[in-house]
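1. predicted model, plus sequence, below.
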Amino acid sequence: MSYKAGIVLAIDELKDRMGSSMVAIKKHMQAQMPSDKKWLNATFLTALKSIVAAGDIIKVKNSYKLSPEFKKKRIEAAKPKKAAPKKKAAPKKKAAPKKKTAPKKKAAPKKKAAPKK
């Protein structure tokens, strides 16, 4: 998971009314991070600044919360798109008439078994 996605997920899951602090976001991300990955604080800070600059989250005093525009985008992205009206199937072509095969000759009648004496 990228740092940007992790930040958005952390803010969403913490559900603080006035916004989540940077420390709370960082702790939440570190708890969710796999043990084999190393925490990069500089990457976290640049990701946080870029998200604020993009307008996806809003900085309120010393906290961050999701912007209303970003919430609308997420809701629209989550909605299943309406399927385009299905086109009617093209009318099926009539099967070509089968060629008549030459009539088969009747098998020769079987000989009657000779009566037993």
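-> Ah, there it is.
2. what lies in contact with the helix or strand bottoming out on mean pLDDT in the chain?
-> Ranking every helix and strand in the chain by mean pLDDT, DSSP states H and E puts helix 68-78 at the bottom, with a mean of 84. The list of residues contacting helix 68-78 from outside it, by C-beta atoms under 8 Å, 6 or more residues apart in numbering, reads 8, 55-57. Any C-beta I mention is one placed from the backbone N, CA and C, and that applies to glycine too.
3. farthest-separated two in those?
-> V8 and G55 (12.7 Å; C-beta to C-beta).
4. which one's more surrounded, these two?
-> V8 (20 against 10; other C-beta atoms under 10 Å).
5. now do whichever strand or helix holds the more buried one: which elements does it pack against?
-> Per DSSP states H and E: V8 is located in helix 3-14. Applying 3 or more C-beta pairs under 8 Å, 6 or more residues apart in numbering; DSSP states H and E, we find helix 3-14 packed against strand 20-21, helix 22-32, helix 41-54, strand 57-60, strand 63-66.
6. of all those, which one is nearest M1?
-> helix 22-32 (7.8 Å).
7. so which bits of that closest one are buried?
-> Buried residues in helix 22-32, defined by neighbour count with 16 or more other C-beta atoms under 10 Å: 24-26, 28-29.
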